[in-house]
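# Sequence unavailable; structure follows:
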């Protein structure tokens, strides 16, 4: 995967952020960590419109579940027809069945690009919190553990409502992705894993807030009816 088109801008942007923070706090053990935090928040803010759209789409999956079950029951002897009718139902209600996966898929190229960005930056000797060196993996395995937990929670919250075999399959995929990120985090630099954990935590917060807002709108609509 050629990511040169995104690596250079991200590297320049991160360098710009760190330079500004370092002027205010000229301590590498603080400035690099704060730069990663601010950088992550900005990336999540830029991607927020897409995130909101996908969260709303996932929430709509819950509202069409009763109709979907009726279709599956009606055409249980004709799987092809059942699939066609379900996709038609999704289209009519503006539902994207891959809504829960898309934000994470979009994040992956950014993550791969940041692998190169953080490796090219001169962070040798710069630590943050319990990390003695952001350029090296977490020696205490705290970040890999947080990576597994935060990745699972963020993907779980974005998982469309489903039942039966589909629900088990999606849950298995979420667990597999989380474990994979945990193993990768053991080898990745602390800076990169810190970014991913912060990104996942922000994803959890965004999802909870947007879901609560959508539930409030639904309740208000019911009262008006």
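Good, I have the coordinates. Quick caveat, the model's predicted, so the values are computed rather than measured.
# remind me which residues of the protein are low pLDDT?
Applying pLDDT under 70 to the chain picks out residues 1-3, 59-60, 62, 94-106, 124, 159-167, 170, 214-225.
# Please, where are all the helices along it?
4-24, 28-46, 48-74, 79-92, 102-120, 142-157, 164-187, 190-224 (DSSP state H).
# export these to TSV and tack on distance to residue 136?
To be clear about C-beta, it is placed using only N, CA and C from the backbone, and glycine gets the same treatment. What follows is the helices of the chain, written out as TSV (distance: least, Cβ to Cβ, whole Å):
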stretch	distance to residue 136
helix 4-24	18
helix 28-46	13
helix 48-74	31
helix 79-92	46
helix 102-120	11
helix 142-157	11
helix 164-187	10
helix 190-224	6
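# wait, which of those is closest to residue 128?
Judged by Cβ to Cβ, the one of those that comes nearest to residue 128 is helix 28-46, at 3.1 Å.
# quick one: the closest one to helix 4-24, angle?
If you take axes from the mean of the first three to the mean of the last three Cα atoms, to 10 degrees, helix 28-46 sits at 130 degrees to helix 4-24.
# from here on, count from 216
Noted, 216 is the first residue going forward, which turns the last one into helix 243-261.
# Between helix 263-289 and helix 243-261, find me the angle.
If you take the same axes, to 10 degrees, helix 243-261 sits at 50 degrees to helix 263-289.
# which secondary structure elements does helix 243-261 contact?
Counting contacts by 3 or more Cβ pairs under 8 Å, 6 or more residues apart in numbering; DSSP states H and E, helix 243-261 is packed against helix 219-239, helix 405-439.
# And the closest residue to residue 354 other than its chain neighbours, its phi and psi?
In this structure, residue 354 finds its nearest non-sequential neighbour in residue 347, 6.9 Å apart by Cβ to Cβ, 6 or more residues apart in numbering. The phi and psi values for residue 347, taken as degrees, to the nearest 10, are phi -70, psi -20.
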